[in-house]
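Asker: no sequence for this one, just the structure:
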């Protein structure tokens, strides 16, 4: 199964996504910020997909996607947010995110979007 880096400043959301994906057979590593995630990626970039929140302190998800696109362009990125504004989504698309997951979500959505990103890591914005 996939190895997923989950980046979200909300501890409960991170935990929930980890549990959902682990129950589906995926391995998860979590980071509470984009800065922490970049440090993890400097040590270990063997991830099949990265799921990141849009709104986070220090570095927002769009800026994080820009960094990932420059240094880890082969890892598909899924953006997540309760704030599904078209501006955030279009910026995420522009900078290389492959999909967007709206919060709140249900477990099958999380599993399906990770499966889609790992089996066909091109942009698939249907949600």
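Answerer: That came through fine. Just so you know, these numbers come straight off a predicted model, no measurement behind them.

Asker: All the helices of the chain, residue numbers only.
Answerer: 11-23, 34-43, 61-71, 86-94, 107-119 (DSSP state H).

Asker: any chance of these in CSV, plus mean neighbour count?
Answerer: The C-beta positions use only the backbone N, C-alpha and C, and glycine is treated the same way. Formatted as CSV, those follow (neighbours: other C-beta atoms under 10 Å):
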stretch, mean neighbour count
helix 11-23, 16
helix 34-43, 16
helix 61-71, 19
helix 86-94, 16
helix 107-119, 17
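
Asker: between the ones you listed, which one is nearest to residue 52?
Answerer: Proximity to residue 52 (C-beta to C-beta) singles out helix 61-71 among those, at 4.8 Å.

Asker: which strands and helices sit next to the closest one?
Answerer: Contacts defined by 3 or more C-beta pairs under 8 Å, 6 or more residues apart in numbering; DSSP states H and E place helix 61-71 against helix 34-43, strand 49-53, strand 77-81, helix 86-94.

Asker: Columns distance to residue 2 on top of those, output as a markdown table?
Answerer: Listed next are these as a markdown table, based on distance: least, C-beta to C-beta, whole Å:
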| stretch | distance to residue 2 |
| --- | --- |
| helix 34-43 | 16 |
| strand 49-53 | 6 |
| strand 77-81 | 11 |
| helix 86-94 | 20 |
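
Asker: now the ones you listed as JSON lines including mean pLDDT?
Answerer: Listed next are the helices and strands packed on helix 61-71 as JSON lines, based on pLDDT from 0 to 100:
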{"stretch": "helix 34-43", "mean pLDDT": "96"}
{"stretch": "strand 49-53", "mean pLDDT": "95"}
{"stretch": "strand 77-81", "mean pLDDT": "91"}
{"stretch": "helix 86-94", "mean pLDDT": "76"}
